[in-house]
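1. Sequence first, predicted model second:
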Amino acid sequence: MWDDLHAHHADIADRRFETLLDRDRARDFSVGLGGVLFDYSKTNIDATGRALLIGLLEASGLAERRAAMFAGDRINETEGRAVLHTALRNLDGGPVLVDGVDVMPGVRDTLARMEALARAVRDGGMRGAGGPITDVVNIGIGGSDLGPRMGTLALAPYHDGPRCHFVANVDPADLGGVLAVCDPATTLVIVASKTFTTIETMTNAAAAKAWMGAAVADPGAQFVALSSAVDRAQAFGIAAERVFGFEDWVGGRYSMWGPIGLSMMIAIGPAHFRAFLRGGAAMDAHFRTAPWLRNMPAMLALTGIWHNQICGHATRAVLPYDNRLGRLPAYLQQLEMESNGKRISMDGQVLATHSGPIVWGEPGTNGQHAFYQLIHQGTQVVPCEFLVAARGHEPQMQDQHRLLVANCLAQSEALMRGRSQDEARAKIADRFDGAELERQAAHRVFPGNRPSTTLAYPQLTPEILGNIIALYEHRVFVEGVVLGINSYDQWGVELGKELATALQPIVAGADASGKDGSTAGLVDFLRKSGL
């Protein structure tokens with residue numbers, strides 16, 4: 001299948017895919033679910049290529065692997081774990097079994113406890129030493145930060161609870177900047193760490209507790225733990241009833257649907273959080289039942305495989321023309337690059353093809369005035385993934401929103417069409433002539449034929465956000481299965497953490513002679529500079 005795809009790509013690589021866009025292509029090369037539309041018609045994928053891609057998907061055993069995931073089988077084989085973040089949003093579904101035990105009663109109990117605490121914080125039933133809670137500080141890193149931070153920003157129009165802040169970096173500037181605008185007597189601190197040992201998180205948590213303890217007699221009473229290590233949380237001073245755990249079948253970067261999403265629930269309220277969960281569950285049901293050709297996660301994944309593994313484009317840009325999705329590219333960086341940034345297949349062999357692409361991006365229209373120059377005229381092709389809503393949350397500014405939408409659609413059109421030398425020459429013929437006209441025109445040529453997809457939706461609501469996040473989660477799963485890798489471990493983050501632990505005493509003053517010359521030299525320089 002791979003060879004057939006590469007051969008087909010070689011045959012059509014120079015084709016202008018704008019010529020494919022007849023009246024029916026936009027309909028035939030798009031997938032809808034409820035109010036969400038995924039359009040991949042502005043790519044060089046044709047009916048033959050798509051059939052080959054679907055054949056690759058079927059040959060990978062995706063259907064069986066999908067069934068195994070939803071059945072609670074231990075598809076995370078290197079860690080011996082099930083992969084069941086989908087159970088966290090299975091509000092209206094049936095039992096979900098792990099080793100023959102239904103996990104849904106525990107999921108529903110935890111959700112109910114979260115909702116009770118969120119309501120208490122929001123209505124004043126849970127108070128700080130100085131009165132009702134005015135600020136919530138979520139301390140976490142990686143999946144314990146990126147998901148709730150992204151989701152809380154995305155759903156800002158639904159905020160009617162306390163102000164929510166997020167701290168991730170161990171750099172004291174991060175925590176210090178947040179605490180500077182909070183009152184310790186009315187602040188609730190959420191410590192998000194499954195093991196309650198994550199060094200950055202626990203360092204920040206200890207500093208926050210000391211800050212609060214300087215003003216409050218019992219700082220532990222204003223702390224909540226999102227952790228499975230109840231004993232460690234209690235030793236920290238957090239009562240068991242304020243510890244919310246989750247199982248090892250929920251990976252960190254897939255965890256915002258459960259206790260890790262508590263800060264988001266406090267901000268927008270339990271009802272809106274449940275709408276977010278139902279949006280994710282709707283995408284789950286679609287992914288499980290829709291035929292591949294009409295299956296949004298499958299077609300999003302196959303488009304990504306076409307661009308990365310077949311066309312050889314090393315990156316993909318995520319470009320939300322929705323300012324409140326400003327943290328979505330960072331969220332997807334972890335979701336996709338930590339999941340599929342692998343070099344070893346499930347059978348322990350080095351991959352025969354590239355694994356996941358580099359994911360990056362910025363909201364439009366900001367990016368247009370930053371890096372779109374490279375996207376349009378650079379020497380490397382960057383497939384672009386646009387996201388755009390039909391309407392925003394500011395009805396009085398609808399004309400401005402239409403300008404935003406026009407920019408989004410214009411960028412995808414410009415990437416496809418480009419501008420020829422003749423067109424460029426005609427635009428400046430009144431100012432230049434001869435050789436100078438040709439030289440100046442060359443600078444204004446856009447190669448075009450650069451692919452993009454567009455995910456369009458009516459408005460960024462909790463349910464639509466749930467659709468979007470679950471869509472990308474399943475995209476990662478599909479790509480991982482097709483590539484033959486485990487998308488649910490992350491051994492690549494371990495080595496740096498181990499070396500950092502070993503370096504701590506050296507940075508604090510111990511002998512650095514055992515380190516390489518570069519590291520020892522840098523330690524020496526930093527010590528002399530005031531470390």
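-> Sure, I can see it.
2. Now for Ala68, which secondary structure element holds it?
-> Ala68 belongs to helix 62-70 when assigned by DSSP states H and E.
3. And that helix, what's buried?
-> Within helix 62-70, the residues scored as buried using 16 or more other CB atoms under 10 Å are 62, 65-66, 69-70. For the C-beta atoms, the positions are set from N, CA and C on the backbone; glycine is no exception.
4. if we take these, which one ends up nearest to His307?
-> Leu62 (18.8 Å; CB to CB).
5. right, and the closest one touches Val482 too?
-> Yes: at 7.0 Å, Leu62 and Val482 qualify as touching, with contact defined as CB atoms under 8 Å.
6. joint contacts of the two?
-> Residues touching both Leu62 and Val482 (CB atoms under 8 Å, 6 or more residues apart in numbering): none.
7. Other residues contacting the helix or strand of the chain with the lowest mean pLDDT?
-> Least confident helix or strand of the chain, by mean pLDDT, DSSP states H and E, is helix 494-507 with a mean of 88. Contact partners of helix 494-507, identified using CB under 8 Å, 6+ apart, comprise 199, 512, 515, 519, 523, 526, 531.
8. and the fourth one, how many neighbours does it have?
-> The reference is to Thr519. 14 (other CB atoms under 10 Å).
9. The helix or strand containing it: which residues count as buried?
-> In the assignment (DSSP H and E), Thr519 maps to helix 517-528. By neighbour count on 16+ other CB under 10 Å, the buried set for helix 517-528 is Val523.
10. Would you mind extracting the C-alpha trace of the longest helix along the chain into PDB?
-> Longest helix in the chain by number of residues, with DSSP state H as the criterion: helix 462-483. Output in PDB follows, covering the C-alpha atoms of helix 462-483 (Å, rounded to 0.1, in the frame of the first residue of the first chain):
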ATOM      1  CA  PRO A 462     -18.900  23.800  24.900                       C
ATOM      2  CA  GLU A 463     -20.300  21.100  22.700                       C
ATOM      3  CA  ILE A 464     -18.400  22.200  19.600                       C
ATOM      4  CA  LEU A 465     -15.200  22.400  21.600                       C
ATOM      5  CA  GLY A 466     -15.900  18.800  22.700                       C
ATOM      6  CA  ASN A 467     -16.300  17.800  19.100                       C
ATOM      7  CA  ILE A 468     -13.000  19.400  18.100                       C
ATOM      8  CA  ILE A 469     -10.900  18.000  20.900                       C
ATOM      9  CA  ALA A 470     -12.200  14.400  20.400                       C
ATOM     10  CA  LEU A 471     -11.800  14.700  16.700                       C
ATOM     11  CA  TYR A 472      -8.100  15.400  17.100                       C
ATOM     12  CA  GLU A 473      -7.700  12.700  19.700                       C
ATOM     13  CA  HIS A 474      -9.100  10.100  17.300                       C
ATOM     14  CA  ARG A 475      -7.000  11.500  14.500                       C
ATOM     15  CA  VAL A 476      -3.900  10.800  16.600                       C
ATOM     16  CA  PHE A 477      -5.200   7.200  17.300                       C
ATOM     17  CA  VAL A 478      -5.800   6.600  13.600                       C
ATOM     18  CA  GLU A 479      -2.400   7.900  12.500                       C
ATOM     19  CA  GLY A 480      -0.700   5.900  15.200                       C
ATOM     20  CA  VAL A 481      -2.400   2.600  14.100                       C
ATOM     21  CA  VAL A 482      -1.600   3.200  10.500                       C
ATOM     22  CA  LEU A 483       2.100   3.900  11.400                       C
END
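11. State whether Leu460 is indeed within a helix.
-> No: going by DSSP: H, G, I helix; E, B strand; the rest coil, the assignment for Leu460 is coil, not a helix.
12. Roughly how far does it sit from Ala156?
-> 10 Å (CB to CB, to the nearest Å).
13. what's the overlap in contacts for these two?
-> With CB under 8 Å, 6+ apart, Leu460 and Ala156 have common neighbours Arg324.
14. between the two, which one's more packed in?
-> Legend: neighbour count by other CB under 10 Å for Leu460 and Ala156, higher for Leu460 (25 against 14).
15. I'd say that one and Arg324 touch.
-> Yes: with contact defined as CB under 8 Å, Leu460 reaches Arg324; the gap is 6.1 Å.
16. overlap in contacts of the two?
-> 154-155.
17. Other residues contacting the one helix or strand Met283 maps to?
-> According to DSSP H and E, Met283 maps onto helix 270-289. Outside helix 270-289, the residues within contact range by CB under 8 Å, 6+ apart are 33-34, 66, 70, 86, 88-93, 114-115, 118-119, 151, 155, 158, 257, 261, 264-265, 268, 295-298, 461-467, 469-471, 474.
18. buried sites along that helix?
-> Buried-residue list, helix 270-289, by 16+ other CB under 10 Å: 270, 272-287.
19. C-terminal to that helix, which secondary structure element comes first?
-> Next along from helix 270-289, by DSSP H and E: helix 296-305.
20. Could you check how far Gln373 is from His272?
-> 39 Å.
21. again, but for Leu262
-> Here Leu262 is placed at a distance of 14 Å from His272 (CB to CB).
22. now do Tyr488
-> Taken as CB to CB, the span from Tyr488 to His272 is 29 Å.
23. ditto for Val445
-> On the measure of CB to CB, Val445 and His272 end up 48 Å apart.
24. likewise Asp135?
-> Asp135 sits at a distance of 20 Å from His272 (criterion: CB to CB).
25. Could you do Phe244 as well?
-> Taking CB to CB, one finds Phe244 at 19 Å from His272.
26. try Leu335
-> 22 Å.
27. Over to Pro505?
-> For Pro505 relative to His272 (CB to CB), the value is 47 Å.
28. Surely Val31 forms part of a strand?
-> Yes: with three-state DSSP as the criterion, Val31 is part of a strand.
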